[in-house]
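> Next comes the sequence, and after it the predicted model I'd like to discuss.
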Amino acid sequence: MSRVCAPLPLHDGKCRGSGFSIATTSVEGHVERASKVRYHRSLILFACILGVVQYDLVTVIGLVTPDLESYYGLNPGEGDILYDAVNFGAFGLSFLPGMCYDHIGPAASMAVGTVLGVLSQLDWSPVFPDLDTMAQLYLSSLMFGLAACFFSVIAVLTPLEVFPAKHLGKTSAAIQVSLSLGVTLQSQVNNLLRESSDDFVGAYKAYALLRTAGVGMLMTAALSNTEALRLEARSAQMVAGGQELSKADNFEKGRDLYRVFFSVDFVYLFVFFFAGLGLVNSYLDTVEGINAAVGLPPSRATFDYGIYGAVGRIFVSFAMDFTGENSARANSLHYGFAVSLQCRAAVPSAACSARPASSEGHEHPHGTWCRWHVRQCAPRH
C-alpha cells in the first residue's frame, strides 16, 4: 500500500529526513487502530446477534408449555402458570440486567446471566427429581426467563455505546431482524426435536442447556475482549457532551433519573411499550390454538411471525436514521404504519363476521380469517 508522507520542516525552512519515518508511523498507527475498532465492533455485533437469538427460547416457550404438564404430571392449567413465570422473569425483572450493566459492565453481566440460565435448566432436568415440585418448577421458570433477559438486554444496550450515532438505526436493524428470525429458527428447531426424539421435553432441555452455556460463554468472551473499546467510547461520549461529573454532580444526575421515571414522556412510552408487548405475548400464547382451528401446523404461525416481524423491525430501525432526533416525526411514521396494518387485518375479519360462511365445505372469499370465525378457536390450555 503506497503512502504519501510529508517531511517535518525545520526552523530554517529545510526538511528533516526523519520526518518521513514519524509521519509514516503516525499513519500506520491510525490505520491499525481503525482496523482494530472495526474488528471489535464486528465482534460485538456478532455477540449481540447471538444474544437476541438465544432470547427466542423464551419467545416461543408457549409451544413447549403443554408438554411440560404431561412430562411433570402437573394439573391442567399449571403449565400456563409456568409460562407466566417465564414471562415475568423475562419482562417484569428486566431492570435487573440493566442495573448489572451499569454497575459491573456487559461482560460480567453476561457471566451472571449464563450462570442463572444453566442453574435454572439443571433444576428442570430429571437429574434432580426432588426439585420437580410445582414450587421449584415455578422458581426455575422465573430464573430461566430472567437469564434470557440478560442475553437480550446486554445485546441491545452494548451497541448503543460502541457504534456511531449515525449508524444506530442500521445496527439496531441487524439486531432486531435477528431477534425476529430467531423466532422462525427456534420454531423449526422445536419441530425437529419433536420429530427426531421420543422424549421431546428431555431433548428440548438438553438443547436449551447446551445452547445457553455455549452462547453465554461466547458472548462473555467477546464482550471481555472488547471492554476497552466500550469504555473508551463511553468516555468520548461523556467528554463530547460535557458530562465529566463530580460526585455531587453524579448525585444530582441520579435525582434527575427519578424525575424522568415520573415524567409524562416516560409514562407515555411505558404505556405504549407494555400495550404492544402484551399484545405480542398474548398472540404467541394462543397461536397454537388459532392454527389448529384452521387446520394449519401449530409451528407455522411462529415461523411466519418471525419473518413478518423481521420486515417490520427493518422498517422501524431504518426509519430511526432518516428521522434523526425528531421523535414526533418518527412516532407519527411508526404509529401510522402500525395502524394501517391493523386496519388491513380488521377488514376481512369484520367482513367475515357480517357474512359467515354457509358451511365448512365452502370456502369464504376471506379464507383463513373466516374459517377462524366459523370454528370459534378456543385458547390453548
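Okay, I see it.

> Quick check: the gap between Leu139 and Ile49.
Per CB to CB, to the nearest Å, Leu139 is found 30 Å from Ile49. In this view, the C-beta of every residue, glycine as well, is placed from N, C-alpha and C.

> pLDDT at the residue nearest to Val52 when sequence neighbours are not counted, what is it?
Taking CB to CB, 6 or more residues apart in numbering, and ignoring the residues beside it in sequence, Val52 has Leu179 as its nearest neighbour in space, at 4.1 Å. As predicted, Leu179 sits at a pLDDT of 81.

> quick one: buried residues of stretch 221-233?
Using 16 or more other CB atoms under 10 Å as the test for burial, stretch 221-233 gives Ala222, Leu223, Thr226, Leu229, Arg230, Ala233.

> swap in stretch 61-69?
Neighbour counts over stretch 61-69 (16+ other CB under 10 Å) mark Ile61, Gly62, Leu63, Val64, Thr65, Pro66, Leu68, Glu69 as buried.

> and of those residues, the nearest to Ser120?
Ile61 (12.2 Å; CB to CB).

> need the contact list for that closest one.
For Ile61, the contacting residues are Tyr83, Val86, by CB atoms under 8 Å, 6 or more residues apart in numbering.

> With Thr114 instead?
Residues near Thr114 by CB under 8 Å, 6+ apart: Ala147, Phe150, Thr212, Ala213, Gly216, Met217, Met219, Thr220.

> and which of those residues is nearest Phe266?
Among these, and counting by CB to CB, the member closest to Phe266 is Phe150, at 23.3 Å.

> so where is this protein shaky, pLDDT-wise?
1-33, 123-131, 233-258, 272-288, 297-381 (pLDDT under 70).

> And the strands in it, which stretches?
Using DSSP state E, the strands found in the chain span residues 8-9, 15-16.

> Tell me how far Glu161 lies from His40.
Glu161 is 12 Å from His40, by CB to CB.

> Asn291 too?
43 Å.

> So the closest residue to Ser152 other than its chain neighbours versus Ala228, what's the distance?
Closest residue in space to Ser152, ignoring its immediate chain neighbours: Tyr55 at 4.1 Å, by CB to CB, 6+ apart. For Tyr55, the distance to Ala228 equals 26 Å [CB to CB].

> tally of neighbours for the residue lying closest to Ser196 once chain neighbours are set aside?
Nearest residue to Ser196, sequence neighbours excluded (CB to CB, 6+ apart): Ala203, at 7.6 Å. Neighbour count of Ala203, defined by other CB atoms under 10 Å: 16.

> ditto for the one 4 residues further on
By other CB under 10 Å, the residues close to Tyr207 number 17.

> Now for it: which residues touch it?
Val189, Leu193.

> what about the helices in this protein?
For the chain, helices defined by DSSP state H occupy the ranges 18-59, 65-72, 78-87, 95-124, 134-162, 168-196, 200-225, 227-240, 247-261, 264-293, 298-323, 327-354, 368-375.

> Would you mind measuring from Ile104 to Ser172?
24 Å.

> quick one: which of the two has more around it?
Just comparing Ile104 and Ser172: by other CB under 10 Å the higher neighbour count belongs to Ser172, 21 against 12.

> Phe163 is in contact with that one, correct?
No: in this structure, Ser172 is not within contact of Phe163 by CB atoms under 8 Å, at 9.1 Å.

> Now the common contact residues for these two.
Common neighbours of Ser172 and Phe163 (CB under 8 Å, 6+ apart) do not exist.

> ok, so what distance separates Val162 from Phe95?
For Val162, the distance to Phe95 (CB to CB) stands at 22 Å.

> I should have written Ser263 there, sorry.
Using CB to CB, one gets 17 Å for the distance from Ser263 to Phe95.

> Also Pro159?
As defined by CB to CB, Pro159 lies at a distance of 20 Å from Phe95.

> for Cys48, same thing?
20 Å.

> Give me the buried positions along stretch 140-150.
Ser140, Ser141, Leu142, Met143, Phe144, Gly145, Leu146, Ala147, Ala148, Cys149, Phe150.

> got CSV for those, with distance to Ile81 too?
Below are those laid out as CSV (distance: CB to CB, whole Å):
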residue, distance to Ile81
Ser140, 12
Ser141, 8
Leu142, 11
Met143, 15
Phe144, 14
Gly145, 13
Leu146, 17
Ala147, 19
Ala148, 18
Cys149, 19
Phe150, 23
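
> Brilliant, that's me finished.
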